[in-house]
Structures are given as structure tokens and as C-alpha cells.
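In: sequence plus the predicted model coming up.
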Amino acid sequence: MEKINILVVGGHPADVFDTCGGTMAHHVRRGDNVTTLALTNGVRIHDVVISEEMRFQKERPDPERLEKIIQERCRVKYAEVVKACGILGVTDVRFLSYDDSVLLVTSEMVSSVARVIRSVKPDIVITHYPIENGGAESHHGNTGKIVLHALQYAGSVDFNDNNTSHRVPQVYFISPAETNFKGTCLSGSTPGYCDYFVDISDVADLVVKALDAMRSQQYNGNYAKRCVEVTSGKEGFYMSVPYAEGFYRYYPEIGDYLTVSKERRERANEHENGKLERMSRMVAPVAQLDEYIR
């Protein structure tokens, strides 16, 4: 298959890999180009110092001191994301570094993402589902909306951008947790159906190691393994494999023939014990990953 360019856009730094890291690793191994882009610095929502310790303090640092803390935490988080993506084989890791206090669809955000799209010229964009939580009060959902607007703008002319316009052939939305769990009354109304899954069983251990690198968010240790078991394990269980990542395709596909995957053909008439044995495989315990992570 011809090599392709993929752009992954996440609302926060860890979002660029935490639910599609196995898919990214597969594409890197195949020789595809994978670029990640985080819209915000993520320190107000996911940081052990700012969003955890500081919110319980009665006194806030003075503005100058606070700005130094924010910049330091950004450096720590960005370094962790670069390390995590490196574990998955991704080396083109980008940050727009917007403040994550409020993430809304603005002309500035749309233009910034559109410029990256024109630069990378991806064949596939992976991003958040735009109507997560019913389309309201969701950094992830708003990220998806920003990307959709940016896709349209990237395909037209921006007189302030030296890169030529680019129209993206396909978009994959990351399966939101509320597909199976309704956290609010709004998420209960969110429509969604995963129509494509990637079997990541062979790289699930790398996803655990990548999550473990996010120590500023306290994702390390057992949480990293538990996260993969619950999320990718759930998706994989539905598809009769140990671990998978689910996606919604934005555009219907067209081709000269109907398609069926090699995996579907091989497994349609297999013995039940073979299916159950495959589904039951788990990643190595966290303790066995420590040497690699260090």
C-alpha cells in the first residue's frame, strides 16, 4: 500500500496518543508519516502541581511566580509527550500551546490548525468526536469542531500562509468513552457508532509504556495498565481480539469492489477455543515494564 501522512489532533498534550497510540505505532512501523498536534498546554486540567496541588492552596503565587510555574509545568508535560510518542515511534510532535482554561471554537484556533494541515498535508486526520457530551461543555468535542472548521479552511486559500491549500481525504474520530458509558444526561443523547477498529494487541505494551511516561498527570504505574485494559481491552473484546482502538469514519468510502478484511475471513470459521484464547491475552504486568520505561 502507498505510504500515507497522518495528523493526530488532540485537545490536550496526552490526547494525541492515549486513545489511538497503538494505531499510530502500526502506521509508523509500516513506514507512514505520523504527526501529532496538541491544541492546549493541558496544565490547568491535567497536572499534578497546578490542577492538583494548587487548587487546594488558600493562597496563589504572585503573577510572575505563577507564570514561571506554568512555563515549567509546560516544559515537563511536553517532554513527557515527546517521550511517550517516541515510544510509539512518532517523532514529529507539535504543540500550539494555547491556555486550556477555556477551549472554544475561535477563528484563531481554526486558522492555527488549518496552517498545520496545509503544512503536513495529511491523507488522514485523527481527532476527537465533535459532539462528545451532546456537543456541549467538552474540550474534546470542541477540539473536533475546531478541526472540522480547519479542514474546510485548509482546503481554501489563506493569503497569510505560504503553504498551498490541502483537502483531507478522510477523517477518523476517536471513539468517546460515552459510546458505552453515559457520564451526563447530555452524553446520553450523543449518537455514535464505531465502524472501524484497529487490532493493537501486538503493541498494547507500548501504549502502556507511553501512558506511564505521563507522570505529570499521575498516569504512571498501575493506572497506565488499567487504562489500556479497560479502554482498548473493551474495544478488543467486542471484536474478539485482546486489544483494539475504535473509530468513527467521517466520510463514507467508495471503491471498485466490496471489501472484507483478511482477519474477518480467517476468523469467520475458527474454533471457539482459538477465539477465546486470543481474546484472553493480556499485556505484561506493570512490574515487568519498569526496566523498559526507565
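Out: On my side now, so go ahead. Every value quoted in this text rests on a predicted model; they were computed, and no experiment measured them.
In: can you show me the strands along the stretch 151-294 of the chain?
Out: For the stretch 151-294 of the chain, the strands defined by DSSP state E, counting those that start in this stretch occupy 170-174, 196-199, 244-249.
In: so which elements touch the shortest one?
Out: Spelled out, that is strand 196-199. The contact analysis (3 or more C-beta pairs under 8 Å, 6 or more residues apart in numbering; DSSP states H and E) places strand 196-199 against helix 21-30, helix 222-238, strand 244-249. For every residue, glycine as well, the C-beta is placed using N, CA and C.
In: now these in JSON lines, with mean pLDDT?
Out: As requested, the helices and strands packed on strand 196-199 are arranged in JSON lines below (pLDDT from 0 to 100):
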{"stretch": "helix 21-30", "mean pLDDT": "98"}
{"stretch": "helix 222-238", "mean pLDDT": "93"}
{"stretch": "strand 244-249", "mean pLDDT": "96"}
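In: now distance to Leu88 and mean neighbour count too, for the ones you listed, in CSV please.
Out: As requested, these are arranged in CSV below (distance: least, C-beta to C-beta, whole Å; neighbours: other C-beta atoms under 10 Å):
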stretch, distance to Leu88, mean neighbour count
helix 21-30, 4, 22
helix 222-238, 13, 19
strand 244-249, 12, 23
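In: out of those, nearest to Ser138?
Out: Nearest to Ser138, of all these, is strand 244-249, at 15.4 Å by C-beta to C-beta.
In: and the helices and strands packed on strand 196-199: which comes nearest His271?
Out: His271 lies closest to helix 222-238 among the helices and strands packed on strand 196-199, at 18.4 Å (C-beta to C-beta).
In: returning to that earlier point: so which of the helices and strands packed on strand 196-199 is nearest Tyr129?
Out: Across the helices and strands packed on strand 196-199, closest to Tyr129 is strand 244-249 (C-beta to C-beta), at 6.4 Å.
In: the closest one packs against which elements?
Out: helix 21-30, strand 170-174, strand 196-199, helix 222-238.
In: still on that earlier bit, make a markdown table out of the helices and strands packed on strand 196-199 and add distance to Lys209.
Out: Shown next, in a markdown table, are the helices and strands packed on strand 196-199 (distance: least, C-beta to C-beta, whole Å):
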| stretch | distance to Lys209 |
| --- | --- |
| helix 21-30 | 10 |
| helix 222-238 | 8 |
| strand 244-249 | 16 |
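In: and the helices in the stretch 151-294 of the chain?
Out: Per DSSP state H, counting those that start in this stretch, the stretch 151-294 of the chain carries helices over the ranges 204-212, 222-238, 262-267, 272-279, 286-293.
In: ditto for the stretch 1-150 of the chain
Out: Counting by DSSP H, counting those that start in this stretch, one finds helices in the stretch 1-150 of the chain at the ranges 21-30, 63-87, 107-120, 139-154.
In: quick one: closest of those helices to Asn269.
Out: Closest to Asn269 of those, according to C-beta to C-beta: helix 21-30, at 26.0 Å.
In: who's in contact with the closest one?
Out: Applying C-beta atoms under 8 Å, 6 or more residues apart in numbering, the external contacts of helix 21-30 come out as 1, 3-4, 6, 8, 17, 34, 36, 84-85, 88-90, 126, 198, 200, 203-204, 206-207, 210-211, 232, 243, 245, 247.
In: dump the helices of the stretch 1-150 of the chain to JSON lines, plus distance to Pro191.
Out: Below are these laid out as JSON lines (distance: least, C-beta to C-beta, whole Å):
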{"stretch": "helix 21-30", "distance to Pro191": "23"}
{"stretch": "helix 63-87", "distance to Pro191": "31"}
{"stretch": "helix 107-120", "distance to Pro191": "24"}
{"stretch": "helix 139-154", "distance to Pro191": "13"}
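In: right, and these - which one's nearest Arg281?
Out: helix 21-30 (14.1 Å).
In: could you tell me the angle between that closest one and strand 170-174?
Out: On the basis of axes from the mean of the first three to the mean of the last three C-alpha atoms, to 10 degrees, helix 21-30 is oriented at 140 degrees to strand 170-174.
In: quick check: angle from helix 21-30 to helix 204-212?
Out: Counting by the same axes, to 10 degrees, helix 21-30 lies at 120 degrees to helix 204-212.
In: tell me the angle of helix 21-30 relative to strand 244-249?
Out: Using the same axes, to 10 degrees, the direction of helix 21-30 lies 90 degrees away from that of strand 244-249.
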